[in-house]
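Undergrad: pasting the sequence and the predicted coordinates here, then a few questions.
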Amino acid sequence: MTAEATGIKIAMTHTEPLSFAKVAGHKWDVVVVGAGPAGCIAAHALSRRGLEVLLVDRAAFPRWKVCGCCLNPFTLGILASAGLSELTEQCGAVPIGWMRLAARRSEANVAIPGWRVLSRERLDAALVAAAIQAGARFLAPTHASLGPELMDGRKVILRGENHEEEITARLVLAANGLGSRLLLGEPGCALRSAPASRVGAGAVAKTAPEFYRNGVVYMAYGSGGYVGLVRLEDGRLDIAAALDVGPLKAAHNPARAAGQILEEIGWPAVPDLVELAWHGTPALTRQPARPAGARVFAVGDAAGYVEPFTGEGIGWALASGTAVVPVATRAVRCWHPSLADEWVAIQGRAAHSRRLCRAMTWVSRHPLLARVMIGAVAQLPWLAGPFVSQVGRGSRYFPA
């Protein structure tokens, strides 16, 4: 399957290629900053409602991100509700049937029917293409920052390699991920990280031991964090880790820290792990004190993130990007500060609903407890049923 066939190369076949000159001086209904799942699904839905949407991202596409790349039934349901039910199949997503959990001397296999795996390069590029087909305009690589609030909009400063332009938007959506600093100048929107929060790290290996089979998610829990591994649609092995800061510093780099966890569990080492191109994330459990400001809403990871177990992150992002659409539509038509309060309340309820992942994070920080739980699931597989069902349902505050 070629890159062109899967949408990895965004050829802009449904719109003229954008330039800074073409966006300058135009008043947009919505500027979406960040072309990940949250930003793209919001841009797609808002464009289908007839709004003029500009989608920008600081990276050149296609681009890779630290992610487990798992799509659970909740995630797939959101895509279907958006009219994108065939997107993952068109991109070559492959089924996942099992999750293999391991802590020292304990292993268990858990059935996860209806799950898929798809690389972020293909998923994000396809979501951008879907937003463009719906009518959004896309500009990348572009850095965006907020300017002052106006009587009928908000200034946005766009910067490229050799260009800088100011544009106006009736509403801005900050969908630029965990490290988002777009709202830092807004009153009461300072970023807060949970004490002792783990950090994320990931890489992709072109080759890996046959032990890591297609259709299985491997989750290894060790004393310094955990590592997830899964074969992507093209056979590469995606590696995503959540690492404690102390052991990470002692290991000097994420590859060694991840390798130590695999060694501790007794799973085969990934060849040349240290030589892979590793990328990191900020603290995984963090959120702005207030995910909204004057004519700006934070969505997806930028609105708050809890360290996931596996597969939840993409679903949360898509759900947040979908849930903001009705509020954003009203904000474009007639802005009132109470709309920001409404979005803060919605995000607060959704964050509260992530208590399952908070509980799993707590368990993973206690290796003995993790071994006991995994051992119990190995003896009584039905114990994992409620967990799998809850993850597949997602958040009741962000319904699919």
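TA: Thanks, I have it. Numbering: from 1, shown residues only.
Undergrad: element containing the most centrally placed residue in the chain?
TA: Central residue of the chain (C-alpha atoms, centre = their mean): I314, 4.4 Å from the mean position. Using DSSP states H and E, I314 falls within helix 312-333.
Undergrad: how much space is there between the residue nearest to the centre of the chain and L229?
TA: Here the distance between I314 and L229 works out to 17 Å (C-beta to C-beta, to the nearest Å). (C-beta placed from N, C-alpha, C; glycine too.)
Undergrad: could you do L54 as well?
TA: Relative to L229, and taking C-beta to C-beta, L54 is found at 37 Å.
Undergrad: from V270, how far out is S119?
TA: Distance from S119 to V270, by C-beta to C-beta: 17 Å.
Undergrad: same question for V377.
TA: V377 is 25 Å from V270, by C-beta to C-beta.
Undergrad: looking at these two, which is more packed in?
TA: Summary of the neighbour comparison: V377 and V270, criterion other C-beta atoms under 10 Å, with V270 having more neighbours (23 against 20).
Undergrad: my guess is that one contacts A205, does it?
TA: Yes: taking C-beta atoms under 8 Å as the definition, V270 is a contact partner of A205 at 5.2 Å.
Undergrad: what touches both of those two?
TA: With contacts defined as C-beta atoms under 8 Å, 6 or more residues apart in numbering, the residues shared by V270 and A205 are 237, 239, 276.
Undergrad: so what are the sheet partners of the helix or strand containing V30 and their directions?
TA: Using DSSP H and E, the element containing V30 is strand 27-33. The strands beside strand 27-33 in its sheet (DSSP bridges) come out as strand 53-56 (parallel), strand 164-174 (parallel).
Undergrad: winner for burial among these?
TA: Highest mean neighbour count of those: strand 53-56, a mean of 28 (counted as mean count of other C-beta atoms under 10 Å).
Undergrad: packing partners for the following helix or strand past that one?
TA: Counting by DSSP H and E, the next helix or strand C-terminal to strand 53-56 is strand 70-71. With contacts taken as 3 or more C-beta pairs under 8 Å, 6 or more residues apart in numbering; DSSP states H and E, strand 70-71 sits against strand 106-117, helix 312-333.
Undergrad: what's near enough to touch R49?
TA: Here R49 is in contact with 325, 329 (criterion: C-beta under 8 Å, 6+ apart).
Undergrad: need the pLDDT of it.
TA: The model reports R49 with a pLDDT of 97.
Undergrad: which residue is the nearest non-sequential neighbour of P141?
TA: A60 (4.7 Å; C-beta to C-beta, 6 or more residues apart in numbering).
Undergrad: count the neighbours of that neighbour for me.
TA: 9.
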